[in-house]
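> Prediction below, plus the sequence it came from.
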Amino acid sequence: MKELLRTTDPTIIPWATAILNGEGIETFELDVHMSVLDGSMGILPRRLMVLDRDLFIARAVLKDNEIPTGQ
């Protein structure tokens with residue numbers, strides 16, 4: 001799996017996941033429960049992962065939907 005997106009914004013991950021799932025791209029979210037460590041302040045970023053073979057198309061889909069991937 002490859003990292004597609006890293007953010008502290010709690011709205012971007014669900015939005016990106018919904019768009020990618022609509023395109024048939026499976027996603028996996030990492031660091032979901034890290035809020036336990038940062039006291040629910042949201043300072044630790046969450047990551048969205050995709051399969052290696054889907055990385056290129058997933059970046060293109062997010063770019064088309066104006067979701068920044070940091071790449």
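Received it, and whenever you're ready, just let me know what you need.
> Tell me where the model's unsure across the chain.
For the chain, applying pLDDT under 70 flags the ranges 33-42, 71.
> now do 80
By pLDDT under 80, the low-scoring segments of the chain are 32-43, 70-71.
> Which strand residues bridge the residue sitting nearest the centre point of the chain?
The centroid of the chain falls nearest to Leu48 when counting by C-alpha atoms, centre = their mean (3.0 Å). Residues in a beta bridge with Leu48, per DSSP bridges, are Leu5, Glu29.
> and it, how far is that from Ala60?
15 Å (C-beta to C-beta, to the nearest Å). Any C-beta I mention is one placed from the backbone N, CA and C, and that applies to glycine too.
> next one: Thr7
From Thr7 to Ala60 the distance is 18 Å (C-beta to C-beta).
> Just want to know which of the two has more residues nearby.
Thr7 (17 against 12; other C-beta atoms under 10 Å).
> Can you give me the end-to-end span of stretch 48-65?
End-to-end distance of stretch 48-65: 16 Å, with C-alpha to C-alpha, to the nearest Å as the criterion.
> same deal with stretch 47-60?
17 Å.
> Surely the residue nearest to the centre of the chain is in contact with Met1?
No: assessed by C-beta atoms under 8 Å, Leu48 is found out of contact with Met1, at 10.0 Å.
> Please work out how many residues are found near the closest residue to Val32 other than its chain neighbours.
Distances taken as C-beta to C-beta, 6 or more residues apart in numbering put Arg46 closest to Val32, at 6.4 Å, once the chain neighbours are dropped. Arg46: 20 surrounding residues under other C-beta under 10 Å.
> ok, Arg46 to Asp64 distance?
Taken as C-beta to C-beta, the span from Arg46 to Asp64 is 22 Å.
> next one: Ala58
The gap separating Ala58 from Asp64 is 11 Å, by C-beta to C-beta.
> Between those two, which is the more surrounded one?
Taking other C-beta under 10 Å, Ala58 and Asp64 do not tie; Ala58 has more neighbours (25 against 10).
> would you say that one is within a helix?
Yes: counting by DSSP: H, G, I helix; E, B strand; the rest coil, Ala58 is part of a helix.
> Good, wrapping up.
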